[in-house]
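**Q** Just to be clear, the model below is a prediction. Sequence and coordinates:
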Amino acid sequence: MNVLHSIAELASVPGPAYLAVGVFDGVHRGHQAVVQRAMDDARREPGGHAVTVLFDPHPMKVLRPDAAPRLLTSTRHKLKVLASMGVAHALVIPFDLEFSRTPPEVFIANLCGACRPLRQICVGYDWSFGKGRAGNVDLLTRLGRTMNFTCVGLPPVVAADGVQISSTLIRAAVEAGELARATELLGREFTILGTVMEGRKLGRTLGFPTANLAAHNEQFPPNGVYAAVAWLGGKEYAGVINLGLRPTVSEGEPERLLELNVFDFDGDLYGMEIEVAFRAYLRTERKFAGLDELKAQIARDCDAAREALRGKS
């Protein structure tokens, strides 16, 4: 994927540009519809190129940090999901207070001036942008008439039960542990992307080496032990996750950790980027009398995870 980091770099994308613009937290089915429409329309014009335009960080992190949502996907995770959809070009616009004060007309004029040329902007029907969130589909339509591009405002995508799909709805499902529901709304399996950081190596001494994952996501399912699937180095591995405070071995102030035991893997994981999916909930996290009892339970958890994953293969 060709990742651009400024509006000016749009000039490097040859031919008519079809922009899919949004925050895209979660890259759920509604977001996918916006991106897919831009890609489909670009393919119909010789030389047309679709570009997905997103913002980093999430605008609410800058404008109202106390009310900002827990992210379903970091920017890195979004780009990974978009690449899996076949997105060839993405523009990640740095979002700060100065940028937030840009009038919507100026923002669109900047996009139009950089493209060679701008042919279309595709957004969700309720997307708002620019200073005071004054920009919307109506304004985009009017600007398109004068700047010679087309605005496409897609209607909401609804779930099978008629509920409008949104990032807020998916966050609530993940937080409640309703991962099948989250998968339905996302249009893909809920996953967490993270980087393996060095830990205390306690799992190794117990015979079950674990990878402590510094997650790029902010929204987690409930604490507990899960059968999991992990993708690393282009391969898929079965495993078991402990998400929680590790009450048996924690020292001092407990810290919520995501620990992953990857089955049938031999190698150094430190610094590697891993994506994990929570395939089955096995049990709640609890405190054990000592390390021997904990070790015995981990062995049972591994057996239970293997069995659960066999049933889902």
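**A** Thanks, I have it.

**Q** and the next element down the chain from the host helix or strand of I274?
**A** Following DSSP states H and E, one finds I274 within strand 273-283. Using DSSP H and E, the helix or strand that follows strand 273-283 in sequence is helix 291-311.

**Q** Which positions within that next one qualify as buried?
**A** Buried positions in helix 291-311, judged by neighbour count with 16 or more other Cβ atoms under 10 Å: 294, 298, 301-302, 304-305, 308-309. Quick note: C-beta positions are derived from backbone N, CA and C, even for glycine.

**Q** Need the residues you listed in JSON lines (columns: pLDDT and distance to R171).
**A** Shown next, in JSON lines, are the buried residues of helix 291-311 (pLDDT from 0 to 100; distance: Cβ to Cβ, whole Å):
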{"residue": "L294", "pLDDT": "82", "distance to R171": "32"}
{"residue": "I298", "pLDDT": "87", "distance to R171": "30"}
{"residue": "D301", "pLDDT": "93", "distance to R171": "27"}
{"residue": "C302", "pLDDT": "92", "distance to R171": "30"}
{"residue": "A304", "pLDDT": "94", "distance to R171": "28"}
{"residue": "A305", "pLDDT": "94", "distance to R171": "26"}
{"residue": "A308", "pLDDT": "94", "distance to R171": "25"}
{"residue": "L309", "pLDDT": "94", "distance to R171": "26"}
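
**Q** mind giving me TSV with these and columns for distance to V87?
**A** Below are these laid out as TSV (distance: Cβ to Cβ, whole Å):
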residue	distance to V87
L294	44
I298	40
D301	38
C302	37
A304	38
A305	33
A308	33
L309	30
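
**Q** For V81, state which of these is nearest.
**A** L309 (22.9 Å; Cβ to Cβ).

**Q** Confirm for me that the closest one is in contact with A238.
**A** Yes - with contact defined as Cβ atoms under 8 Å, L309 reaches A238; the gap is 5.0 Å.

**Q** Need the overlap of contacts for the two.
**A** Residues within reach of L309 and of A238 at once, by Cβ atoms under 8 Å, 6 or more residues apart in numbering, are 227, 229.

**Q** A17 is in contact with A38, correct?
**A** No - using Cβ under 8 Å, A38 is not in contact with A17, being 9.3 Å away.

**Q** list the residues that contact both of the two?
**A** Common neighbours of A38 and A17 (Cβ under 8 Å, 6+ apart) are 50-51, 120.

**Q** What segments of the stretch 101-250 of the chain are helices?
**A** Secondary structure of the stretch 101-250 of the chain (DSSP state H, counting those that start in this stretch): helices at 104-114, 137-147, 167-175, 179-186, 202-205.

**Q** Would you mind saying which of those helices lies nearest L63?
**A** Closest approach to L63 among the helices of the stretch 101-250 of the chain (Cβ to Cβ): helix 104-114, 15.0 Å.
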